[in-house]
Structures are given as C-alpha cells and as structure tokens.
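Student: sequence plus the predicted model coming up.
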Amino acid sequence: MADMSFALTDEQKALKAAVYELCKQYPPQYWRDLDTRREYPDAFVTELTKAGYLAVLIPHEYGGAGLGIMEAALILEEINRSGGNAGACHAQMYIMGTVLRHGSDAQKRQYLPKLATGELRLQAFGVTEPNAGSDTTKLQTTAVRRGDRYVVNGQKMFISRVLQSDLMLLLARTTPVDQLKRKTDGLSVFLVDIRSLKGLEVRPLRMMMNHSTNALFFDNMEIPADSLVGQEGKGFSYILDGMNAERILVASDSLGDARWFIEKAVAYASQRVIFGKPIGANQGVQFPIARAHMAVEAADLMRTKAARLFDASIPCGAEANMAKYLASEAALQAGDACIDCHGGYGFAEEYDIERKFRESRLYRAAPINNNLIMAFVGEHVLGMPRSY
Ligand SMILES: Cc1cc2nc3c(=O)[nH]c(=O)nc-3n(C[C@H](O)[C@H](O)[C@H](O)COP(=O)(O)OP(=O)(O)OC[C@H]3O[C@@H](n4cnc5c(N)ncnc54)[C@H](O)[C@@H]3O)c2cc1C
C-alpha cells in the first residue's frame, strides 16, 4: 500500500523552503516587467535549473535528483506561491516523462544529462492543431519516412516556449486515418532538436498572459529518423501515459496561485481600515476568503493523494484529473476573493493581482479544458455514457 499520510516529510519541507528562498530573489516587479514586455523569465529559469530543481524527476544515473512527482509538484507550487509563474518551465518536468518511459537508451544518454545541467532545454510540447483542438486523434500534421529521415508538414497552434527551447516533443501522424483500425493509432512522438531547423516557422502569439506561445508551420521540415521516440504509431498512448503527471503538476501551479491570492487577501483585509475598522472584520469580505481557503485545502488533499499514488506506481487517473479541476477552480475562487477585497487596487497592475488572475485563468482551459475533465469523471469514474 502507498503511504497515504498527507504530511510532508522534513526533506519535502526543506525543499519547499529552499525553493521559496530562491524565488524571493525574483520579486513581483521582475515578473510584472516581463509580463508587460511579454518576455521569458530567462534569468529565473537558468537559476532554477542550476540549482537542480528542474531535474528532480531525472534519475541519478543521468545527473538528476531522482525524486518523485510530489517533490516536482512542491517546487512548482512554491514558485507560484511566491508570486512567480511556473508556466515558464513546468513543461520540462512532464515532457521528460515520455522520454524516460519510452525513449531509447541512446536518446536518454544523449539528452537527459544535458537537460539536468541546463545545457539543453526541453520546454516545448507540440500537440494542439487548429483543426483538432481537444480531439488529439484528429491531428493532421504528417511525418513521412524517407530513408534516414522523416519529412514533417502541417501546422500546430498554441505551442509554448518554442523560441526558448532547444528540443521539442512533437506528436505527428505517421499513418493516414483511412488506413487505421483504431483511431488512437497512427500518431508518433518525436524528440526534435529545433535549433536552426529548416522548414520550421514560428509565429509568436500575444496571449492574455505571458506564456511565450506560438503558431508553428512545418514546410517539408526534415528530422533524423532516430528522433522517433519508442514505436511508430504508438504516440497517442505515450502522450496519454504522461497525462497524470501533467495534471498533478498543473494542479500544483494552481495551488501556488491560490495560496498567493489568499495570503495577499488576508494581509490586505487585516490592515485596510474603512468605516473605522479593518475590512476583514466584515463577513462580506472575510467569508469569500475563508470559503476559497477551504476549496484550496480540499484541492491540495486531492493533489497530494494523486501524487502519492503516482509515486507508488498505482493508477491515479481519477485523482490526477480531479486535482487539476479542483485546484484550477480554487485558484479562480481565491483570485476573485482577492480582487474583491482589494477594491479598486485589485485591478491596479502594481498590486500584481490582475496579472496573477490572468495567469491562473489559463488552467481552467489548458493543458486540458475542465469540461473534458468532467467528461472523464462522468464516463470513466462514474460509468455514465460517453458524451463525445
Ligand atoms: C496560453 C496557452 C498555452 C498553450 N500551450 C500549449 C502547448 O505548449 N502545447 C500544446 O500542444 N497545446 C498548448 N495549448 C493548447 C491547449 O492545450 C488547447 O487550447 C486545448 O487543448 C483545447 O484546444 P482548443 O483551444 O482548440 O479548444 P477546442 O477543442 O476547440 O474546445 C473549445 C471549447 O469547447 C469545449 N469542448 C470541446 N469538446 C467538448 C465536449 N465533447 N464536451 C464539452 N466541451 C467540449 C472545450 O472544453 C472548450 O471549452 C495552449 C493553450 C493556451 C491558451
């Protein structure tokens, strides 16, 4: 049985404290300025990598810390709780799992040690397409084998951090849909070195939040055949394998956001005096913050349960999905309470609340929409008929 105690170990508490300490060197002003200019937090990500935090999931033999998803989750949570935005670097943690589980020994030896030291960055994950969206089985980008290469043609949408990454994990169609027995076959995963790659056009998109997101165009883009990860045609199942880690880690981003909102709201509500008393003494101000806090604590329990199951190699699809849903909704609830209690100041850029609100809003919609999590729970957890 997995240890289902929800208390953190002394090592995990120390890890949290150390990450928070590092983050304190990057105050809200740092994140606010980057947000205004829509620039990548390069200095922060470099320091986080040098300190080894982005390599927690890489096994010792490849130069990483060999820790679990719980530790990775705590790192991301602390980044967001400190006022930062772990969205700039969280993907490396969950993308790496696909290489670890399905990559060849040669790929692991070639890339993992360099990812651990920060010599290479694997921050880009190319799945979404304009005509497929949430329905990954409808992907149209093709990768056709020609001798020792694959030739890639097509388009991807909303692919983040491509310009800040050396490597991209790409999902593309290697078998046409009309030749498939099962619609989930025929897609393949490639670990692509995107530095000066011919045939790749990257068009940055200005989004609601600072997320380094792009549209990609592949025009006869040639990649070496040995960039294929695992077996040809099994890419969809490899990506699904990584979903639980992704859900747990994104839930942790949201928990960090939520805790930042609550801490900020409590501090302000306790010191802002209107009508002769602190506004937090009014139930109309206090209760929404208390209610949001309860939602955050409940989401934290679900995230921790999912992480403990994951680290014990016990199936955790239901828990990981529910954690992502509960945490992203709790963050929005906490953000709303934080804006309300700040009155007009909640909307002022220099208070950072509006920025954090924009950043936390993303996780209701991405990397998977909460609608589809409800569909998963309805169908796979509760056994109701499939809705799509
Ligand atoms: C800032 C940002 C960064 C991103 N980064 C990446 C990235 O790095 N890599 C990547 O591959 N993708 C990335 N994405 C894409 C993200 O994962 C997609 O937006 C998401 O998968 C949904 O696809 P879509 O936007 O085409 O929405 P659609 O699939 O068109 O869905 C639109 C709406 O319809 C709803 N809907 C659709 N079908 C159903 C149904 N059966 N039941 C109920 N509701 C349904 C959805 O929930 C959603 O609300 C990013 C998106 C954003 C906004």
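Tutor: Sure thing, it's come through. Numbers count the residues shown, from 1 in each chain.

Student: which SS class is the residue in the chain positioned nearest to the ligand?
Tutor: Relative to the ligand, the nearest point of the chain is Gly133 (2.6 Å; CB to the nearest ligand atom). Using the backbone N, CA and C atoms, a C-beta is placed for each residue, glycine as well. Here Gly133 is coil, with the state taken from DSSP: H, G, I helix; E, B strand; the rest coil.

Student: how many neighbouring residues does it have?
Tutor: Burial of Gly133, expressed as a neighbour count using other CB atoms under 10 Å, amounts to 12.

Student: hmm, who's touching the strand or helix carrying Ser237?
Tutor: With secondary structure defined by DSSP states H and E, Ser237 is part of helix 235-241. Residues from elsewhere that reach helix 235-241, judged by CB atoms under 8 Å, 6 or more residues apart in numbering: 97-98, 101-102, 127, 136-137, 171-172, 174, 184-185, 187-189, 229-230.

Student: what's the answer for stretch 5-21, then?
Tutor: Here stretch 5-21 makes contact (CB under 8 Å, 6+ apart) with 51, 53, 70-71, 74-75, 77-79, 81-82, 301, 304-305, 308.

Student: quick check, Asp185 in contact with Thr175.
Tutor: Yes: checked against CB atoms under 8 Å, the pair Asp185 and Thr175 is within contact range at 6.8 Å.

Student: okay, the two: which has more neighbours?
Tutor: For Asp185 versus Thr175, the count of surrounding residues by other CB under 10 Å is larger for Asp185: 19 against 14.

Student: got the buried residues for stretch 103-115?
Tutor: Using 16 or more other CB atoms under 10 Å as the burial criterion, the residues of stretch 103-115 that qualify are 103, 107-108, 111-115.

Student: got the buried residues for stretch 264-283?
Tutor: The neighbour-count check on stretch 264-283 (16+ other CB under 10 Å) flags 264-266, 268-269, 272, 278-280 as buried.

Student: quick one: which two of those residues are the most distant?
Tutor: Maximum pairwise distance in the buried residues of stretch 264-283, criterion CB to CB, is 15.0 Å, between Lys264 and Pro278.

Student: related to what we said a few turns ago, can I get the helix holding Ser237 as PDB, trimmed to CA atoms?
Tutor: In PDB, the C-alpha atoms belonging to helix 235-241 read as follows (Å, rounded to 0.1, in the frame of the first residue of the first chain):
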ATOM      1  CA  GLY A 235       2.500   8.200 -29.900                       C
ATOM      2  CA  PHE A 236      -1.100   8.800 -28.600                       C
ATOM      3  CA  SER A 237      -0.700   6.200 -25.900                       C
ATOM      4  CA  TYR A 238       2.700   7.600 -24.900                       C
ATOM      5  CA  ILE A 239       1.200  11.000 -24.600                       C
ATOM      6  CA  LEU A 240      -1.700   9.700 -22.500                       C
ATOM      7  CA  ASP A 241       0.800   8.000 -20.200                       C
END
